[in-house]
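Student: fold the following for me, if possible:
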Amino acid sequence: MICLLGTITALAQAQSQYATVKQYEKATGKKIAKFSEAPVLRTKVAAGKLPPVEKRLPEEPAVVVPVEEIGQYEGT
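Tutor: Down below sits the predicted model:
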């Protein structure tokens, strides 16, 4: 029971920690090929009022693994 509890605690902590894209890719073996644009901002990007998401992000953006699931844009 203690071993299982320790594993659950470690997983919960790992899921809430921030990492760089490089650290995330190294730890998970998964690649982040692109970043998604928020739908509400697409019209502003298309109109030239806002740069594309790739231009707005820092050189090495932080990455967080969601605890339950990735959220949805807008809504309640």
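Student: in the chain, where is pLDDT below threshold?
Tutor: 1-19, 75-76 (pLDDT under 70).
Student: change it to 50
Tutor: With pLDDT under 50 as the threshold, the chain has low-confidence stretches at 1-9, 11-12, 16.
Student: hey, where'd the strands end up in it?
Tutor: Applying DSSP state E to the chain gives strands spanning 18-20, 62-64.
Student: helices or strands up against the last one?
Tutor: When contacts are defined as 3 or more C-beta pairs under 8 Å, 6 or more residues apart in numbering; DSSP states H and E, strand 62-64 packs onto strand 18-20, helix 21-28. All C-beta spots, glycine's among them, are computed from the backbone N, C-alpha and C.
Student: just checking: what are the partner strands of it?
Tutor: Strand 62-64 pairs in its sheet with strand 18-20 (antiparallel), by DSSP bridges.
Student: the helices in the protein, which residues?
Tutor: For the chain, the helices defined by DSSP state H occupy 2-16, 21-28, 39-46, 53-56.
Student: now the shortest one: buried residues?
Tutor: Within helix 53-56, the residues scored as buried using 16 or more other C-beta atoms under 10 Å are residue 53.
Student: please apply the same query to the second one.
Tutor: Of all the residues in helix 21-28, those buried under the rule 16+ other C-beta under 10 Å are 21, 24.
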